[in-house]
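Student: Pasting a predicted model and its sequence here:
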Amino acid sequence: MEPKKPSGRFNPKNKRQPKQRPGASVAVKAAPKTRKSPANPVWILGQEYDQDSESELVAQHAASFLRFTYRRDFPPLSPYSISSDTGWGCMLRCAQMLLGHVLLRLALGETWRVPVNGAQIAGAVRLNPAYRRILRLFLDEPGPPHVFSLHHIVQAGMRYDKLPGEWFGPSTAALVLRDLVRVYQRHLRGKLAVYVTRGDVIYQTEAESLCRDTSLDASLLAYASGDATESVRMENLKRLSRRTQTRHAALQTVGHASEPADPLGADDPDFFDPLMRPPPSAALPWAASLLLLVPLRLGVSSVSPDHMDELRFYLSCPSCVGVLGGRPQHAIYFTGHASDGLLGLDPHTTFSAQHSRDPGASAFSADDASDDESPAAPSTTPFPSDALAEQLHVSRFVTLPFSQLDPSLAVGFCFRDRDAFAAFVDGVQRRAQQRLSEQREVLFQAAHAPPSYYNDDGDAAVEATSGDAPHDACDFDEPEQPPSDATEKKAKGVDRDVLRLMLGSDYEDDARPAEGGEGLERAPPAAASVAANDDDVDDDFVFV
């Protein structure tokens, strides 16, 4: 018997593909499209562009940053008569640019862009209440709501022996940003915390302690306080119990906890009791986003190729928010890199402060008025003005050759939640291990908690990696090691007198200390706050 000839149809038993007739169509699954690596790449804070074919996108991204520059004719820096920061304030303007970008990113999203056409910029940004509110924080006026103005930065810098007219370094600029954010938390609705590393190591527990919600700890202390009356103690316990139940339900929703097996939850390790078993900090969501600043000293007079490779790598990370640095006598806010050097925004252009005046500077606007002040009459002057919008948003970067970079700098990162920060820490640890195994230098490292040789005051027994600059030609070189907490405590008596003179009504002796350690730990008085309660805060200024 002759064997059966295979038919032209597909037989599932032999699992062979049938022969196709000439001209027959075949359904082929298309391979996923991948972006080709550009021949001339440009990296801007985690976003890659092709400089040849995507120059318009690069220009639009550049225009979406806030470029703060030198100003003249602003209100004098009390008690001095200085009314211009030309020649000495470049690092302070770079610090403003970095913080301004962080606030825009958190409030408007990472993909927010403005038109490249200068005539259209003002009209586009005026329609955004969150943008206007953020911009007001940085205008060069001495009082609220301009809490990140040059006036407040200079006042906070006095704590680190920096007087008006003196040059700041990246480390001092980072510390000043940290202090001002702590002082004026109400203006940010408590949605941002700043962590400045001590040396070149990021300690995860230190950073997370600044972002976690401490209201549970406060309720525990209030309940346990012997000074409180019994009625107050019982009321605190009721509030604490309600808050804990709410959080436990929220954790169940996201899968961090399960329903207790018994009414008291004794058999469930995930059950959180407000007094006997409070929830661990790792199980609680962050109450604020994190701005991480890492001051570094990468050499004596130049940056090594290994360190430059690391810097380019981290500027290509989506969580990076820029670098405070520059070259001798020239500070620049770096936001990316290309094949020929680092890209950034240059503050060395002087404009009149008249262009940046707030129409409601003499009184709070309706959005910013507190309970004890009547809102100002609505202004007919557009804000920002056409001139100010064109000065703030430029569609080009300056380029600094890699060889000219000064080794004193500070790298910034921003994280919305714990998961993003934990993934970053894990990536830093793995990259550091790999590079060290190859005997290559790393930019910084990460660890879970500080080592045992850090004492209770936070003083390091070893010298921080950022040291004194050996040359005097740099307008932002300085002793880069942040002052120790013990030194800060010793100078607090002088600080109170100086800050009372400089800050005036913005300073209170009995202000409560901020969470997370030393700093300008002063809470703004009620009269100086943008909002006295949550109802007074601009609903448009929210972090997404």
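Tutor: Received it, and whenever you're ready, just let me know what you need.
Student: Relative to residue 102, how far out is the residue nearest to residue 128 when sequence neighbours are not counted?
Tutor: Of all residues not flanking residue 128 in the chain, residue 108 sits nearest, at 7.2 Å (C-beta to C-beta, 6 or more residues apart in numbering). Just so you know, the C-beta spots here come from the backbone N, C-alpha and C atoms, and that holds for glycine as well. For residue 108, the distance to residue 102 equals 11 Å [C-beta to C-beta, to the nearest Å].
Student: With residue 382 instead?
Tutor: 26 Å.
Student: Compare those two (neighbour count), which wins?
Tutor: residue 102 (23 against 13; other C-beta atoms under 10 Å).
Student: correct me, but the more buried one touches residue 293?
Tutor: No - counting by C-beta atoms under 8 Å, residue 102 does not reach residue 293; the two are 10.3 Å apart.
Student: tell me, what's touching the two both at once?
Tutor: Shared contacts of residue 102 and residue 293, defined by C-beta atoms under 8 Å, 6 or more residues apart in numbering, comprise residue 412.
Student: what ranges do the helices span in this protein?
Tutor: 55-63, 90-108, 118-126, 129-136, 150-157, 170-183, 204-211, 215-224, 230-253, 305-315, 386-392, 418-437, 485-490, 492-503 (DSSP state H).
Student: neighbours around residue 184, how many?
Tutor: Neighbour count of residue 184, defined by other C-beta under 10 Å: 23.
Student: The closest residue to it other than its chain neighbours and residue 289: what is the separation?
Tutor: Leaving aside its sequence neighbours, residue 184 sits nearest to residue 147 (C-beta to C-beta, 6+ apart; 4.2 Å). From residue 147 over to residue 289 the distance is 18 Å, taken as C-beta to C-beta.
Student: more crowded one of those two?
Tutor: With neighbours defined as other C-beta under 10 Å, residue 147 and residue 289 compare such that residue 147 has more, 25 against 21.
Student: Next, the contact list for residue 442, please.
Tutor: 306, 310, 431-432, 435-436.
Student: can you do 6 Å?
Tutor: 432, 435 (C-beta atoms under 6 Å, 6 or more residues apart in numbering).
Student: cool, and residue 202?
Tutor: Neighbours of residue 202 in contact, by C-beta under 6 Å, 6+ apart: residue 446.
Student: Just the pLDDT for it.
Tutor: Note on residue 202: pLDDT of 96.
Student: for it, which residues make a bridge with it?
Tutor: With DSSP bridges as the criterion, residue 202 is bridged to residue 446.
Student: Could you measure from the residue lying closest to residue 388 once chain neighbours are set aside over to residue 144?
Tutor: Closest residue to residue 388 apart from its sequence neighbours, by C-beta to C-beta, 6+ apart: residue 355 at 4.8 Å. Look at residue 355 and residue 144: by C-beta to C-beta, they are 21 Å apart.
Student: Have a look at the two and say which one is more surrounded.
Tutor: When residue 355 and residue 144 are compared on other C-beta under 10 Å, the one with more neighbours turns out to be residue 144, at 24 against 17.
Student: re the thing from before, can you pull the pLDDT of the residue nearest to residue 388?
Tutor: Per-residue confidence at residue 355 stands at 77 (pLDDT).
Student: same check, this time on residue 421
Tutor: 96.
Student: Could you do the one 4 residues further on as well?
Tutor: Reading off the confidence values, residue 425 has pLDDT 96.
Student: my guess is it contacts residue 206, does it?
Tutor: No - taking contacts as C-beta atoms under 6 Å, residue 425 lies outside contact range of residue 206: 11.6 Å.
Student: any low-confidence regions in the stretch 1-150 of the chain?
Tutor: By pLDDT under 70, the weakly predicted segments of the stretch 1-150 of the chain are 1-36, 118.
Student: what about residue 300, how many residues close to it?
Tutor: Residues near residue 300, counting by other C-beta under 10 Å: 10.
Student: ugh, wrong one, I meant residue 431
Tutor: For residue 431, the neighbour count with other C-beta under 10 Å is 17.
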